[in-house]
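**Q** the sequence and its predicted three-dimensional model are supplied below.
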Protein chains: 2
Amino acid sequence: MNEEIVKRRATVHDVARAAGVSLATVDRVLNGRPGVRAVTAEKVEQAIAQLGFSRDLNASLMARARDLNVVFFIPDGTNEFMDSLAEAVQRRSPLALADRIHLSMRRVKALDAAGLVSGLNQLDAHSCDCAVIVSSDEPEVLAAIDAAHRRGVAVMTLVSDLPGSARRNFIGIDNGAAGRTAASLMGRFLPQGGKVAVVAGSLHLRDHAERLEGFRAALGAEFGAIEIIGPLEGHDERTETAAIIARLLADHADLGGLYNLGAGNAGLVAALEASGRSGDLRVIAHELTPTTRAGLRSGAIDVVLDQNPDGEIREAIAAARALALDASRTAATDPIEIGIFLRDNLR
Amino acid sequence: MNEEIVKRRATVHDVARAAGVSLATVDRVLNGRPGVRAVTAEKVEQAIAQLGFSRDLNASLMARARDLNVVFFIPDGTNEFMDSLAEAVQRRSPLALADRIHLSMRRVKALDAAGLVSGLNQLDAHSCDCAVIVSSDEPEVLAAIDAAHRRGVAVMTLVSDLPGSARRNFIGIDNGAAGRTAASLMGRFLPQGGKVAVVAGSLHLRDHAERLEGFRAALGAEFGAIEIIGPLEGHDERTETAAIIARLLADHADLGGLYNLGAGNAGLVAALEASGRSGDLRVIAHELTPTTRAGLRSGAIDVVLDQNPDGEIREAIAAARALALDASRTAATDPIEIGIFLRDNLR
DNA sequence: TCGCGCATGAGGTACGTGCCTCATGACTTT
DNA sequence: AAAGTCATGAGGCACGTACCTCATGCGCGA
């Protein structure tokens, strides 16, 4: 009763037989080598489609005795979240290697398009199957992605998407939904309404812009009694953010809430604690880091919205594997969920 | 500058050379076949440890031309969450097959230890490498797990753990933390304090008991102004839960919140909406299902704490793979996070 | 000392794919 | 007609492991 008919997966041999050609020809088609007439290639494609053949990636990697190479470009600087991403890459590395996937990482200066572009330009299809980048939206970067794509290097965006480019996948949260979630929580925390200040890193960062938009829209639609102050830009820096928060607290004695949708949380916590009003306002921040963790514990921060860096790296690797199998499509990946952290469910 | 020395992974050949024995002997040791003196086996083990050799699972599965078999035992009945788990297994199945992992599933009557036990007893090491079960804590089940373990079938617990057994891994959330999180949210939602009712499925379910314990502890420690009513048991059934909620609402006109730490959410929503007080109380429930999703949208439910079924199945498969490589240890897995869902971050 | 059983070595085939060489036949160019 | 080009077939080796057979050598008891 619990028997199941297990269809053996189709192999290249099956494809060759079905197409009425030799193994060598199937191989030429599969690996894009020359020497096959269009009509013959078409027969092979049909056989592949009909049998639902899909190359066995593990056998393939084993046969060519070369690992799948995935290169991560992670911004360097003072942004703790980027460090978590880098650590997640390191953590995954041995695990991935067991599956013949070689991860490497380059830290590039944050928000420095030129550095990222030159890094991308150095990649060739032989040494890198897939590049994963975290980038702001700059024309040079888009051009470099397209160039890499033409050279046979797949590019994926992480954390912040670049929809206009030839990037094959985006791995990250829905930032609009993150902003709406922040609004929804803030609204419930302040049932009487009041003033809520919004601090961003830079509105030129696509993820920040999307969060702000979502926050505004959801507050406007559901919590009309809340007044937004800002957004103010702290450029994801500790001191600049601290100064902004200090000024906000001084100017608005009746401030009820604070939403920092960028980084710079060390500055936020420092300013709150210096003001002596830590715990009096409802504070929502992004990304679970040592700083926000401490903020949650001390009560300076009420909620942290998080994108799980380990999950993102895991999915990026899964997507890179999938792209290696079918370079012509966008890989389906498990969505990255928006984590909501309070003091009690810190991981 | 970005060059990296890539150590080739050790193979059985390397181990044979290092141990000064033949490939055949290494093979006998690795696969537990007889015909090796203890001293020789020891030499091989040392070489393995020294080289950090780890069997290449993909090559191994390919060589024996047999998939890794993982059998899921998922409770059947009216519990929507269990259906999500079953669907997640189905969704993963083709993906897993591409990696030579064959998933199968048996729906067994919920809370029916005998059915599960007989299912487990039917498994032999040849047709099943790993069984994944969702079970309440019954002595017969523990015995069946131990027996399966002795037959060479690894067993993992899902959702609800059975720590006293020979289960190799537990995949699920930290239910104590889930209860504390519910308390933390409820406390913030009701800054003035008030009455909060707690409804469980059955306190004989380990996960439910752990949630209750966490909820009580965290409320007691931080939100003394909140009074707990209950727990009442609805046995995860729609009608019974509805009746309980209706009575609670009738008896306590000043009820401020409701925490349903079990299933039966259809009954909860129905009773709330029938009472006309939907939206007046803060309601926290568990597991994102069509019912709780609708409840979030309508405002009947404020927060849903969730364990991502797809993530759990993914990690169960990853753990099964790891166990196939090293049957002597518990596999390290990515922790399953407690998802917190509001209306605005529904996935 | 003969034979028995056991530990071990040697070497083969298979899994599914990549990549290589060489042969063959067809068709084109000179 | 000879030479060249191109599409294709045939087949082999490799990757790392599983599993099989057969041979060999050793120590032991009769």
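**A** Perfect, thanks for sending it. Numbers count the residues shown, from 1 in each chain, chains lettered A, B, ... in the order given.
**Q** by mean pLDDT, which helix or strand of chain A comes out lowest?
**A** strand A:338-341 (a mean of 89; mean pLDDT, DSSP states H and E).
**Q** partner strands of it, with direction?
**A** strand A:303-307 (antiparallel) (DSSP bridges).
**Q** what's downstream of the strand it pairs with, the next helix or strand?
**A** With elements assigned by DSSP states H and E, the helix or strand that comes after strand A:303-307 is helix A:309-325.
**Q** buried stuff in that next one?
**A** By 16 or more other C-beta atoms under 10 Å in any protein chain shown, the buried positions in helix A:309-325 come out as A:309-324. Backbone N, C-alpha and C define where each C-beta goes, glycine included.
**Q** could you do stretch A:43-60 as well?
**A** For stretch A:43-60, by 16+ other C-beta under 10 Å, it's A:43-44, A:47-48, A:51, A:53, A:55-58, A:60.
**Q** of all the residues in the stretch 51-200 of chain A, which one is nearest DNA strand C?
**A** residue A:63 (2.6 Å; C-beta to the nearest atom of the strand).
**Q** circling back to that earlier point, next one: the least confident helix or strand of chain A to chain centre, how far?
**A** 15 Å (C-alpha atoms, centre = their mean, to the nearest Å).
**Q** contacts for that strand?
**A** A:173-174, A:177-178, A:181, A:185, A:288, A:296, A:303-308, A:347, B:337, B:339-340, B:342, B:345 (C-beta atoms under 8 Å, 6 or more residues apart in numbering or on different chains).
**Q** and what of stretch A:184-192?
**A** Contacts for stretch A:184-192 (C-beta under 8 Å, 6+ apart): A:196, A:218-219, A:222-223, A:225-226, A:256-257, A:259, A:282, A:284, A:302-303, A:340, B:188-189, B:302, B:342-345.
**Q** among those, name the buried ones.
**A** Among the contacts of stretch A:184-192, those that count as buried by neighbour count (16+ other C-beta under 10 Å) are A:196, A:218-219, A:222-223, A:226, A:256-257, A:259, A:282, A:284, A:302-303, A:340, B:188-189, B:302, B:342-345.
**Q** could you point out the longest helix of chain A?
**A** The residue-count maximum for a helix in chain A (DSSP state H) belongs to helix A:80-98.
**Q** ok, the helix or strand following that one: who's next to it in the sheet?
**A** Tracing the chain past helix A:80-98, the next element assigned as helix or strand by DSSP H and E is strand A:101-109. Strands that pair with strand A:101-109, judged by DSSP bridges, come out as strand A:68-76 (parallel).
**Q** is the partner strand up against DNA strand D anywhere?
**A** No - figure legend: strand A:68-76 not in contact with DNA strand D (C-beta under 7 Å from any atom of the strand); closest approach 14.3 Å.
**Q** touching the helix or strand containing residue A:199 from outside, list them.
**A** For residue A:199, the enclosing helix or strand under DSSP H and E is strand A:194-200. Counting contacts by C-beta under 8 Å, 6+ apart, the residues outside strand A:194-200 that touch it are A:186, A:190, A:208, A:211-212, A:215, A:219, A:225-234, A:241, A:244-245, A:248, A:252, A:254-262, A:264, A:268.
**Q** what about burial for these, which qualify?
**A** Buried among the contacts of strand A:194-200 (16+ other C-beta under 10 Å): A:186, A:190, A:208, A:211-212, A:215, A:219, A:226, A:228-234, A:241, A:244-245, A:248, A:252, A:255-262, A:264, A:268.
**Q** from those residues, which ones fall inside strands?
**A** Applying DSSP state E to those, the entries found in strands are A:226, A:228-233, A:255-260.
**Q** and those, which is the shakiest by pLDDT?
**A** In terms of pLDDT, the lowest of those is residue A:230, showing 79.
**Q** mind listing what residue A:180 touches?
**A** When contacts are taken as C-beta under 8 Å, 6+ apart, residue A:180 is in contact with A:214-215, A:217-218, B:344-345.
**Q** may I ask which helix or strand encompasses it?
**A** Element membership of residue A:180, judged by DSSP H and E, is helix A:175-189.
**Q** circling back: let me know the closest of the contacts of residue A:180 to DNA strand D.
**A** Looking across these and measuring by C-beta to the nearest atom of the strand, the closest to DNA strand D is residue B:345, at 43.4 Å.
**Q** ok, the nearest residue to that closest one once chain neighbours are set aside - contacts?
**A** Nearest residue to residue B:345 in three dimensions, chain neighbours excluded: residue A:181, at 4.2 Å (C-beta to C-beta, 6 or more residues apart in numbering or on different chains). Residues near residue A:181 by C-beta under 8 Å, 6+ apart: A:214, A:305, A:338, A:340, B:342, B:344-345.
**Q** do residue A:256 as well
**A** Contacts of residue A:256 by C-beta under 8 Å, 6+ apart are A:190, A:193-196, A:226, A:281-282.
**Q** show me the beta-bridge partners of the nearest residue to it once chain neighbours are set aside.
**A** In space, and not counting its chain neighbours, residue A:256 is closest to residue A:194: 3.2 Å by C-beta to C-beta, 6+ apart. On the basis of DSSP bridges, residue A:194 takes part in beta bridges with residue A:226.
**Q** pLDDT score for residue A:194?
**A** 90.
**Q** ok, it to DNA strand D distance?
**A** 63 Å (C-beta to the nearest atom of the strand, to the nearest Å).
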